[in-house]
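Trainee: sharing a model prediction with you, sequence too.
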Amino acid sequence: MREPDGAEDDGKRGGGGKSSDGTRGDVWDDYRFVLAVHRAGTVSAAARRLGVDHATVIRRIDRLERRLSEKLFHRRASGYTATQAGLALVVTADGIESAIIHGEAAIGRAASQLVGTVRIGAPDGFGSAFLAPRLTGLIERHPQLDIELVATARLFSLSKREADIAIGLSLPPEGRIVGRKLTDYALKLYAAPSYLSRHPPIRERRDLQGHRFVGYIDELLYSPELDYLHQVAPGAGARLRSANLNAQLQATVAGLGVAVLPCFMAARRPDLACVLPDAVSLTRSFWLMMHADSRDLARIRAVAEHIYAVVEAERDLFAPGG
């Protein structure tokens, strides 16, 4: 839920004060600030999500604490942590938010128009190399639909509303999340022809010993499914490590070393050669996930269906044959 432009004037909105008839103002308008701070962990991040300034968030939280005579957050240098009273309010606010989402879908307003913003959280490789160039048709068909594509190497919490749709390598073990497999995808070893021409030939797995590798930073791996270098080349250590798959790709293209890369990113590039194509091949999966509360909103459902469709149309790109 994002704050509309100009909404930082809490006095005009009456978020926690009295309205002209002497009753309480819009309770949800205050509660959503608590929800945003709890989910974001910091005031500055919550302010960005709500579209207001830093001071507005602090004012709203302070005012609500005075009204309730309860401390809602512990203020620490690392961020805001909800107290027991704050957690109780978060549960209430989350319920209100869910009711609003269900209400929109039920009365048909959200089901009849594709209006608003849908945020997609996706791994950097899939989001940048595959999905981004395939969103044009969707946006052109729906001029009132905005897409936010967060393509980065991390997990996205749908429960904290960090995204409306998340693409991940596995389903979460718990939570009110609905998911469906998008596709399996293959990974193989790749290197630039310039690297291969300057180093000993690689005819079998044992020839990989002594070669330079490009890979992930172990402690920054956001999913166990990405910990595959040791599976491909036991004992190998990457000479260049990056948490970003696009950086690994570019380093490999530049001739830095050998890397395990998804075939949908590397197989059709003339500046890369597949190494040991018959001996080394891994398979992972992409899953599309949505929160159970919002999956029936038309704009979210339409974006999800578009992603399913473009993946299905180019399934050969992800095929293990690469």
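Mentor: Thanks, I have the structure now.
Trainee: CA only for contacts and neighbour counts going forward, please
Mentor: Will do.
Trainee: for Ile202, give its distance to Ala279.
Mentor: For Ile202, the distance to Ala279 (CA to CA, to the nearest Å) stands at 11 Å.
Trainee: what of Val118?
Mentor: From Val118 to Ala279 the distance is 41 Å (CA to CA).
Trainee: Phe156 is in contact with Ser223, correct?
Mentor: No. The pair Ser223 / Phe156 is not scored as a contact, 11.5 Å apart, by CA atoms under 8 Å.
Trainee: who's more crowded, the two?
Mentor: Shown here are Ser223 and Phe156; by other CA atoms under 10 Å, Phe156 has more neighbours (22 against 13).
Trainee: pull the contacting residues for Ile139.
Mentor: By CA atoms under 8 Å, 6 or more residues apart in numbering, the contact list for Ile139 reads Leu145, Asp146, Ile147.
Trainee: mind telling me what element it is part of?
Mentor: Counting by DSSP states H and E, the element that carries Ile139 is helix 136-141.
Trainee: list the buried residues for the helix or strand following that helix?
Mentor: Under the assignment DSSP H and E, the closest C-terminal helix or strand after helix 136-141 is strand 145-151. In terms of neighbour count (16 or more other CA atoms under 10 Å), strand 145-151 has its buried residues at Leu145, Asp146, Leu149, Val150, Ala151.
Trainee: how far off centre is strand 145-151?
Mentor: Per CA atoms, centre = their mean, to the nearest Å, the displacement of strand 145-151 from the mean C-alpha position of its chain is 10 Å.
Trainee: where in the stretch 201-322 of the chain is pLDDT low?
Mentor: 320-322 (pLDDT under 70).
Trainee: what about Gly51, how many neighbours?
Mentor: The burial count for Gly51: 17, using other CA under 10 Å.
Trainee: and it, how close does it get to Glu70?
Mentor: Gly51 sits 26 Å away from Glu70 when distances are taken as CA to CA.
Trainee: distance from the longest helix along the chain to the middle of the chain?
Mentor: Counting residues, the longest helix found in the chain (DSSP state H) is helix 84-107. Computed by CA atoms, centre = their mean, the chain-centroid distance of helix 84-107 equals 22 Å.
Trainee: mind giving me the packing neighbours of it?
Mentor: Contact here means 3 or more CA pairs under 8 Å, 6 or more residues apart in numbering; DSSP states H and E; on that basis helix 84-107 packs against helix 27-40, helix 109-112.
Trainee: please repeat the previous calculation with a cut-off of 10 Å.
Mentor: helix 27-40, helix 54-68, strand 73-76, strand 79-82, helix 109-112 (3 or more CA pairs under 10 Å, 6 or more residues apart in numbering; DSSP states H and E).
Trainee: what about the strands in the stretch 151-300 of the chain?
Mentor: Ranges of strands within the stretch 151-300 of the chain are 165-168, 177-191, 213-215, 238-241, 258-262, 273-275, 282-291, based on DSSP state E, counting those that start in this stretch.
Trainee: next, the angle from the second one to strand 282-291.
Mentor: Per axes from the mean of the first three to the mean of the last three CA atoms, to 10 degrees, the angle that strand 177-191 makes with strand 282-291 is 150 degrees.
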